[in-house]
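**Student:** my questions are about this predicted structure, shown below with the sequence.
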Amino acid sequence: MSGTDDVEIPEVDYVSGSGVPIRGNDIDTDQIIPARFMKVVTFDGLGEFAFFDLRFDEDDNQKDHPFNEERFQDSSVMVVNSNFGCGSSREHAPQALMRWGIDAVIGESFAEIFAGNCLALGIPTVTADSETIQALQNWVDDHPDEELEIDVEAETVSYGSETIDVTVDDAQRKALVDGVWDTTALMKSNAGAVRDTARELPYVDSEAIPEAE
Amino acid sequence: MSEGTLYDKVWDRHKVTTLPTGQDQLFVGLHLIHEVTSPQAFGMLRERDLEVAYPELTHATVDHIIPTADQSRPYDEDAAEEMMSELEENVREAGIEFSDPNSGDQGIVHVVGPEQGLTQPGKTIVCGDSHTSTHGAFGALAFGIGTSQIRDVLATGTLAFEKQKVRKIEVEGELGDGVEAKDVILEIIRRLGTEGGVGYVYEYAGSAIEDLGMEGRMSICNMSIEGGARAGYVNPDETTYEWLEETDYFQENPEKFDELKPYWESIRSDDDAEYDDVVTIDADELEPVVTWGTTPGQGIGITDSIPEPEELPADKQDTARRAQEHMRVEPGETMEGYDIDVAFLGSCTNARLPDLRRAARIVEGREVHDDVRALVVPGSQRVQKTAEEEGLKDVFEEAGFEWRNAGCSMCLGMNEDQLEGDEACASSSNRNFVGRQGSKDGRTVLMNPRMVAAAAITGEVSDVRELPEAEVAAQ
């Protein structure tokens, strides 16, 4: 079996781009990507279905939604409110957002599985309090073409003449900044220790543990 | 930080090392896979020329897209057929056991694992499905993961994970008539909020939890994620062991039962365990809970009034207003009398045998309301078979329910079982999100299985305690 050393994992210490505000608490993964679009065996092409039912009516006419607005078409930083991404574990949700063009999300709070799925794609999910987020959403609304900059390591977001403090979960920050957010190769390199751990567990049959390579 | 809890002990036993990110690398004792979230992960393995490291600790079934009416192959829907074929190919190549429809063991992944004895106390269990928390009912540490993490588990048998805090939720007292495990968890979510559990694992304890059978415990652990908690568990006890003894694994390996029991006992939370938070709930106070809104936290007792958005915390008001508009409900009213078009009895929350038995007792001798489309979707082929042998199928069909084959079905509308237009559904499932049941204008009211049965009969949300139970001959 060949190694995974040839998989390049970029360091994500800094993300910049124009923003798009997605307002509302408890925006669940069924809203981010309705289940009917998950009947696919790859993630390719999910981008056009992001927020589909919020963007289109039953006759496919566009509804009011930032993802439909011309001025936000080049946006790459999404600004959201609390408990964003709650609900199912579908990675299809961040995959759809990423393929639409989102590189980072700033919000009041995130559902855990969603944040973990974002990390596995190298997408930072950074947080700030409600007031800060609302101010940022308003600014983004007024300045759709202007860039905001997320410094993942310093835990700051700069926009206009402002620089605000944000929070990036410790493990997420290290993983992104050091470029170890794709953990497959890293964990595979510990295969011996994994086998040792398995052998110590009374419920794991010894035949289920692979031979050393 | 917590100390001496089941969570701490199981974590320590499975920790391989601490990664440079500060996350722990955890060994995974059971990896359950299904057709929707695994094909992309197998694709990633192929791209990187990697193989499945622990195929014998991996188990597959098909549940999300499988039709529940006509299951003959190829499936009517091309996309469903493609996903099924892909799964068949992947498990064949990797040598992974597959509870497929021909085996008689197929079903919703969270019904299948416990049924076969794959789910055991003290195991770490993951699956690309947020309701993996269900398996915590057995004292396992079980949680949902995304597809890139499925790739990691397939390739390495491990997962990078951060340790969380532990909140003990003590449910003391006795559940009253008509009140079930489902009502307990809906009440917990209502009180602690849909994000109250973020960063926590929930330990469910107290006399009301101990009195529950395994199915009730599974219903509670199942919806931990609706409260924001990625995992929830109950300490294993005699009820757990009685279930395990009857499962395939321990029937086939009876010596394993005695061999493993000391381990199961050893991972129970210590009497003097330390928790990061403790919450107490009075079981005697509870009544059947129904949701009025579009998040599982928007629930009320059946005799309670729908809240005025202004009465709720500031950050919940907008969501409540939008939810009330979507559901077309008025603050100040109760949910009793809310017209329904569809009754769905199914899902990984409430489609096990006792769920169907209890609902059948309500249904027997009655008829489904003329304006209601009602369906029962058993959680697994085994549940289906036993229910048919017990005569439950006849009870439901005579009343006017459709009796289907096992699958996730209308819980998430990935097969043809979907709400249409603005239909309202009395549902024993777990999520009332807008669009969840397949129609973006559809309206979902979550409730326990007996309440679903009552709503199917009356055509509106009803208090099951006012419908006397009939005797089911087969009981």
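**Tutor:** Thanks, I have it.
**Student:** ok, residue B:119 touching residue B:127?
**Tutor:** No - using Cβ atoms under 8 Å, residue B:119 is not in contact with residue B:127, being 10.7 Å away. Using the backbone N, CA and C atoms, a C-beta is placed for each residue, glycine as well.
**Student:** who does the longest strand anywhere in chain A pair up with?
**Tutor:** Taking DSSP state E as the criterion, chain A has its longest strand at strand A:14-22. Sheet pairing for strand A:14-22, assigned by DSSP bridges, gives strand A:77-80 (parallel), strand A:147-151 (antiparallel).
**Student:** which among the ones you listed is found nearest to residue B:37?
**Tutor:** If you check each of the strands paired with strand A:14-22 against residue B:37 by Cβ to Cβ, strand A:77-80 wins as the nearest, at 22.8 Å.
**Student:** could you point out which element follows the closest one?
**Tutor:** Once the chain leaves strand A:77-80, the next helix or strand it forms, by DSSP states H and E, is helix A:92-100.
**Student:** pLDDT wise, what is residue A:7 at?
**Tutor:** Looking at residue A:7, its pLDDT stands at 76.
**Student:** now do residue B:27
**Tutor:** 98.
**Student:** who's in contact with the residue lying closest to residue A:39 once chain neighbours are set aside?
**Tutor:** Leaving aside its chain neighbours, residue A:39 sits nearest to residue B:79 (3.7 Å; criterion: Cβ to Cβ, 6 or more residues apart in numbering or on different chains). Counting by Cβ atoms under 8 Å, 6 or more residues apart in numbering or on different chains, residue B:79 makes contact with A:39-40, B:65.
**Student:** most neighbours out of these, which is it?
**Tutor:** Most neighbours among those, by other Cβ atoms under 10 Å in any protein chain shown: residue B:65, with 26 neighbours.
**Student:** any idea which element residue B:307 lies in?
**Tutor:** Residue B:307 belongs to no helix or strand, assigned by DSSP H and E.
**Student:** sorry, slip of the keys, the one I care about is residue B:9.
**Tutor:** Assigned by DSSP H and E, residue B:9 belongs to helix B:6-14.
**Student:** returning to that earlier point: most tightly surrounded among the strands paired with strand A:14-22?
**Tutor:** strand A:77-80 (a mean of 26; mean count of other Cβ atoms under 10 Å in any protein chain shown).
**Student:** contacts for stretch B:249-256?
**Tutor:** Against stretch B:249-256 from outside (Cβ under 8 Å, 6+ apart): B:116-118, B:120, B:244-245, B:257.
**Student:** now the residues you listed: which count as buried?
**Tutor:** B:116-118, B:120, B:244, B:257 (16 or more other Cβ atoms under 10 Å in any protein chain shown).
**Student:** now the longest helix along chain B, how far from the chain's geometric center?
**Tutor:** In terms of residue count, the longest helix belonging to chain B (DSSP state H) is helix B:78-94. Here helix B:78-94 is found 24 Å from its chain centre; the criterion is Cα atoms, centre = their mean, to the nearest Å.
**Student:** who are the packing partners of the helix or strand following that helix?
**Tutor:** As assigned by DSSP H and E, the chain's next helix or strand after helix B:78-94 is strand B:97-99. Applying 3 or more Cβ pairs under 8 Å, 6 or more residues apart in numbering or on different chains; DSSP states H and E, one finds that strand B:97-99 contacts strand B:58-61, helix B:78-94.
**Student:** ok, residues contacting strand B:97-99?
**Tutor:** When contacts are defined by Cβ under 8 Å, 6+ apart, strand B:97-99 is touched by residues B:56, B:58-61, B:87-88, B:91, B:105-107, B:112, B:116.
**Student:** mind listing what that strand pairs with, with the direction of each?
**Tutor:** strand B:58-61 (parallel).
**Student:** quick one: mean pLDDT for the longest helix of chain B?
**Tutor:** Rounded mean pLDDT across helix B:78-94 is 97.
**Student:** the residue nearest to residue B:101 when sequence neighbours are not counted: helix or strand, and which one exactly?
**Tutor:** Closest residue to residue B:101 apart from its sequence neighbours, by Cβ to Cβ, 6+ apart: residue B:71 at 5.9 Å. Using DSSP H and E, residue B:71 sits within no helix or strand.
**Student:** my read is that residue B:71 contacts residue B:106, right?
**Tutor:** No - with contact defined as Cβ under 8 Å, residue B:71 does not reach residue B:106; the gap is 9.3 Å.
**Student:** so between the two, which is more surrounded?
**Tutor:** Neighbours per residue (other Cβ under 10 Å) separate residue B:71 from residue B:106, with residue B:106 holding more: 26 against 17.
**Student:** which residues touch the more buried one?
**Tutor:** Neighbouring residues of residue B:106 by Cβ under 8 Å, 6+ apart: B:61-63, B:66, B:99-100, B:112, B:380-381, B:406.
**Student:** for stretch B:159-179, buried residues please.
**Tutor:** So for stretch B:159-179, counting by 16+ other Cβ under 10 Å, buried means B:159-161, B:163-164, B:166-171, B:173, B:175, B:178-179.
**Student:** equivalent analysis for stretch A:56-64, please.
**Tutor:** Buried residues in stretch A:56-64, counting neighbours by 16+ other Cβ under 10 Å, are found at residue A:56.
**Student:** pLDDT weak spots in chain A?
**Tutor:** Applying pLDDT under 70 to chain A flags residues A:1-6.
**Student:** so it: which segments form each domain?
**Tutor:** Using automatic domain parsing, the domain ranges for chain A come out as A:14-179, A:183-213.
**Student:** most packed of the ones you listed?
**Tutor:** domain A:14-179 (a mean of 20).
**Student:** now the terminal residues of that one, how far apart.
**Tutor:** Domain A:14-179 has an end-to-end distance of 12 Å (criterion: Cα to Cα, to the nearest Å).
**Student:** what does stretch B:295-312 give?
**Tutor:** End-to-end span of stretch B:295-312 (Cα to Cα): 14 Å.
**Student:** pLDDT on that stretch, on average?
**Tutor:** 97.
**Student:** is chain A contacted by it?
**Tutor:** Yes - using Cβ under 8 Å from any Cβ of the partner chain, stretch B:295-312 comes into contact with chain A via residue B:295.
**Student:** burial of the closest residue in space to residue B:406 that isn't next to it in sequence, as a residue count?
**Tutor:** Of all residues not flanking residue B:406 in the chain, residue B:107 sits nearest, at 4.4 Å (Cβ to Cβ, 6+ apart). Neighbours of residue B:107 under the rule other Cβ under 10 Å: 31.
**Student:** for residue B:107, give its distance to chain A.
**Tutor:** 19 Å (Cβ to the nearest Cβ, to the nearest Å).
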